[in-house]
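Visitor: Predicted structure and sequence below. I'll ask about it afterward.
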Amino acid sequence: MLLPLLVFSQEITLVETSYLDAEKFIGIDFHDNSYYIKDQILFKKTNHSVFNFKDFQLGEIYSVDISNPMNIAVYYQDFNVVVLLDNKLSEIERINFNAIYEFINTSQVSIAANTSLWAFNLDSQQLELYNYRNQNKTIVSQPLNGEVIQQVSNINYCFLMTEKYIRAYNIYGSLIIEIPNEGYQKISQINENLIVKKDNNLYYINIETQETSKIKSPEISIKDLQLTQEFLYIYDGNKVSKFKLTF
């Protein structure tokens, strides 16, 4: 299904700004804790403490999924490994896709429901659901053309962005939506809706109403972004700006 591009201005209001010394901003969880990467170390900063996780033998951290703060997924693409962490960034479990019964050569991994992960299989070019407790996998998508640039997900849906399309799949393997990639470079999701970045502009895509609205945002550099239930966070390389979304 192709979405019509219905563009109109949408306001955001600055709530607060905080400085952050990081190479990559991951996001803010529902308890207002911040996550970021510096020197290949994942940090979690609360009001009272700073926790960290590192494993230099696995190389560079490719992605971090904090959608469940009690079960954080740290993905090392070069070694095909995911490390699951608790809310103090202590290791819970390690999934080595090279060593499982049905080998998966992953290029993207994120959290799904219960004891499952969304994993994009680079060899078959298909999205799979992998249950790491019983070591079963389910093929979710038909083979895709093109490199998957980014994957974001929640327990029910997974969004894959290639150079040509953004596609959303549910846990039953159905293609829910297909959006032409109009030069988008980064996506963030919440409640099955998306915010996408193009150059230094942001657009909000409402999947239910099939509307795309341009966000009237301040002229700040957008390095990383995160969309939560009520707020949009933008990291410009020096500070995190928290904005209230107005619908």
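Guide: Arrived safely. Residues are numbered from 1 along each chain as shown.
Visitor: Phi, psi for the residue of the chain most remote from its centre please.
Guide: Residue farthest from the centre of the chain, counting by Cα atoms, centre = their mean, is Y101 at 26.9 Å. Backbone torsions for Y101, taken as degrees, to the nearest 10, come to phi -60, psi -50.
Visitor: pretty sure G183 contacts D199?
Guide: Yes: look at G183 against D199 with Cβ atoms under 8 Å: they come within range, at 7.5 Å. All C-beta atoms are positioned from the backbone trio N, CA, C, and that covers glycine.
Visitor: what's the single longest strand in the chain?
Guide: Assignment by DSSP state E gives strand 9-19 as the longest strand of the chain.
Visitor: Contacts for it next, please.
Guide: Residues from elsewhere that reach strand 9-19 (Cβ atoms under 8 Å, 6 or more residues apart in numbering): 204, 213-218, 231-232, 238-247.
Visitor: related to what we said a few turns ago, and the residue farthest from the centre of the chain, how far from S107?
Guide: Using Cβ to Cβ, to the nearest Å, Y101 is found at 20 Å from S107.
Visitor: The most centrally placed residue in the chain: which element?
Guide: In the chain, the residue lying closest to the centroid (Cα atoms, centre = their mean) is V152, at 3.7 Å. Assignment of secondary structure by DSSP states H and E places V152 within strand 150-153.
Visitor: List the buried residues in that strand.
Guide: 150-153 (16 or more other Cβ atoms under 10 Å).
Visitor: in its sheet, what does it sit against?
Guide: Its sheet considered, strand 150-153 pairs with strand 157-161 (antiparallel) by DSSP bridges.
Visitor: Quick one: distance of the strand it pairs with to the chain centre.
Guide: Mean-position distance between strand 157-161 and its chain equals 9 Å (Cα atoms, centre = their mean, to the nearest Å).
Visitor: go on, stretch 179-191?
Guide: Distance, stretch centre to chain centre, for stretch 179-191: 11 Å (Cα atoms, centre = their mean).
Visitor: if we can go back for a sec, identify all contacting residues around the strand holding V152.
Guide: 63, 65, 67, 108-112, 118, 120, 158-161, 186-189.
Visitor: If we use 6 Å, what do you get?
Guide: Residues from elsewhere that reach strand 150-153 (Cβ atoms under 6 Å, 6 or more residues apart in numbering): 108, 110, 118, 159-161, 187, 189.
Visitor: Format those as a markdown table; extra columns: pLDDT.
Guide: Listed next are the contacts of strand 150-153 as a markdown table, based on pLDDT from 0 to 100:
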| residue | pLDDT |
| --- | --- |
| Q108 | 98 |
| S110 | 96 |
| W118 | 96 |
| F159 | 94 |
| L160 | 96 |
| M161 | 96 |
| I187 | 93 |
| Q189 | 87 |
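Visitor: So which of the residues you listed wins on neighbours?
Guide: Most neighbours among the contacts of strand 150-153, by other Cβ atoms under 10 Å: W118, with 29 neighbours.
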